[in-house]
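> Please find the sequence and the predicted model below.
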Amino acid sequence: MDTPEREIYTVSRLNLEARGLLEGRFPLIWVEGELSNVSSPASGHVYFTLKDPHAQVRAAMFRNRNRHLTFTPKAGLQVLVRARVSLYEARGDYQLIVEHMEEAGEGALRRAFEELKNRLAAEGLFEAERKQPPPAYPRCLGVITSPTGAALRDVLSVLARRFPALPVYVYPVSVQGAGAAPSIVAALTRANRERRCDTLLLVRGGGSLEDLWAFNEESVARAVAASEIPVVCGVGHETDITIADFAADVRAPTPSAAAELVSQDAAQLQRRLGSLMESLTLRMRARVEQRNRQLESLQGRLARQHPLRRLQQHAQRVDELELRLRQGLRRQQLLRDSRLQTLQARLAARSPALTLSAQAKRLEQLRQALHRAMQERMNRERNRLAALSRTLSAISPLATLQRGYAIALVPGSLEPLRDAGRANIDERIELRLARGRLFCRVEEIDPEGG
């Protein structure tokens, strides 16, 4: 009998087929666990171990996937991953190839809490300028809470002890679970629409972060901030902080503390009211006595200043003033008449007709004097001109020319030729006579001739 031929696997082939079996057997699955041995080399990939109290598995998240992370993976962080099962052939290690990672459990809730708080704070939703203080003496108090919860009992107990006369209207809501946030938003909207109350308490007892999560929803925070009625938020215990606390007008550490914030102590108010009544009574008595004294004083003054007597005095005063007015008018009329006569006399003395006649005579005298002065000036100038003419005739070159002399000129020049040495042979010379001119050409020059 032939021995069957043995099929021998190489390690590479074994790991390759094992990898195929794993990847074909498991689709994309969700796995929750704690991160450990987290490393991020320069390649940008993230390698880590995912573990629970009883087991662990290696995992890798490549760069093209981890760039979508909204947090930094750290050891000890509880996460939820979507991954496919695979095997790293080079080492034969069974591992997870992670496609998506998110924080799990309370860690995710804490992160969501911080992100929403920071985003709403950046919008200014928590600014003090937006908040309105509740009235010191509310007309009606609205309580938004679970009708069966301990928070409502605590609030009613505090109000019964401090101010039992304060009307209370309960808006029943769910304070935990998927429908809690819409229920709270609807109650806030209804309270603002009805305007039944002028102060609202949003309260709930203590619990885990997940239990209180309805008060960390964005819709609840925006509804609280948008409320036109002041909202006092008292959720959980003193250490519990919710987004609704930041958005509310006033934050109280507990539901009982919220009830105390919006209510007055009736016993203390009664004592204060008694004190005020006593003070008011004393002041009223003092005021009445003061008014009685003033009345007596006014009655005495009225007796001394009877209206008829005052009327007689005023009538006499009117007659006196009328007489003074007439006398003053008469004096004013006499003064004006005298002033008018004086002005008329001055006007007659300064009549324009007299002034014009005198100025006309003066003008005629000036005109005659001007004529005489012009005649004298013309005679003097005429005589002076004749003398100058005689002098000019005596020294004029033309008179010399009349005696037979001539003036030699270089053609084109008005300067007379005085020196024979300045002339040239064949140069033309102009001779100006008493009547006419001669143009000659130089044939011979005798510079020393007489």
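Structure's in. What do you need?

> Next, give phi and psi for residue 89.
Note on residue 89: backbone dihedrals following degrees, to the nearest 10 are phi -60, psi -40.

> List of residues touching the helix or strand that contains residue 222?
Using DSSP states H and E, the element containing residue 222 is helix 218-226. With Cβ atoms under 8 Å, 6 or more residues apart in numbering as the contact definition, helix 218-226 has outside contacts at 116, 120, 125-126, 130, 181-182, 184-185, 188-189, 202, 214, 231, 233, 243-244, 246-248. The way it works is simple: take the backbone N, C-alpha and C, and place the C-beta from them, glycine included.

> ok now the following helix or strand past that helix, how far from the chain's centre?
Next along the chain after helix 218-226, taking DSSP H and E as the criterion, comes strand 231-235. A distance of 35 Å separates the C-alpha centroid of strand 231-235 from that of its chain, computed with Cα atoms, centre = their mean, to the nearest Å.

> by how many degrees do strand 231-235 and helix 218-226 diverge?
Inter-element angle recorded for strand 231-235 and helix 218-226: 140 degrees (by axes from the mean of the first three to the mean of the last three Cα atoms, to 10 degrees).

> could you give the mean pLDDT of the following helix or strand past strand 231-235?
On the C-terminal side of strand 231-235, the nearest following helix or strand under DSSP H and E is helix 243-247. The average pLDDT within helix 243-247 is 90.

> can you check stretch 181-198 too?
94.

> in it, what's buried?
Neighbour-count burial for stretch 181-198, counted by 16 or more other Cβ atoms under 10 Å, picks out 181, 182, 183, 184, 185, 187, 188, 191, 192, 197.

> contact partners of the helix or strand hosting the fourth one?
Element membership of residue 184, judged by DSSP H and E, is helix 180-194. Applying Cβ under 8 Å, 6+ apart, the set of residues contacting helix 180-194 from outside is 142, 144, 171-175, 197, 200, 202, 214-215, 217, 219-220, 223-224, 227-229, 231.

> now that helix against helix 218-226, angle please.
Using the same axes, to 10 degrees: helix 180-194 against helix 218-226 is 20 degrees.

> CA atoms only: put helix 180-194 into CSV for me.
Provided in CSV are the C-alpha atoms of helix 180-194 (Å, rounded to 0.1, in the frame of the first residue of the first chain):
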residue,chain,number,x,y,z
ALA,A,180,-36.9,63.4,28.6
ALA,A,181,-35.4,66.2,26.7
PRO,A,182,-38.4,66.8,24.3
SER,A,183,-40.7,66.6,27.4
ILE,A,184,-38.7,69.3,29.2
VAL,A,185,-38.5,71.5,26.1
ALA,A,186,-42.3,71.2,25.6
ALA,A,187,-42.9,72.2,29.3
LEU,A,188,-40.7,75.3,29.0
THR,A,189,-42.5,76.3,25.8
ARG,A,190,-45.9,75.8,27.4
ALA,A,191,-45.0,77.7,30.5
ASN,A,192,-43.8,80.7,28.4
ARG,A,193,-46.9,80.5,26.3
GLU,A,194,-49.5,80.4,29.1
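
> does residue 418 count as helix, strand or coil?
coil (DSSP: H, G, I helix; E, B strand; the rest coil).

> Could you report the neighbour count for it?
7 (other Cβ atoms under 10 Å).

> How much space separates it from residue 425?
Computed as Cβ to Cβ, to the nearest Å, the residue 418 to residue 425 distance reads 19 Å.

> Then residue 123?
Where residue 425 is concerned, residue 123 sits at a distance of 121 Å (Cβ to Cβ).

> One more: residue 222?
Counting by Cβ to Cβ - residue 222 and residue 425 are separated by 129 Å.

> the more surrounded of these two?
Higher neighbour count among residue 222 and residue 425: residue 222, with 17 against 9, using other Cβ under 10 Å.

> per-residue confidence for that one?
On the pLDDT scale, residue 222 gets 93.

> unless I'm mixing things up, residue 31 is touching residue 96, no?
Yes - counting by Cβ atoms under 8 Å, residue 96 is a contact partner of residue 31 at 6.6 Å.

> Between these two, tell me which one has more neighbours.
More crowded of residue 31 and residue 96, by other Cβ under 10 Å: residue 96, with 23 against 16.

> Ramachandran coordinates for the more buried one?
Phi and psi for residue 96, reported as degrees, to the nearest 10, are phi -110, psi 140.
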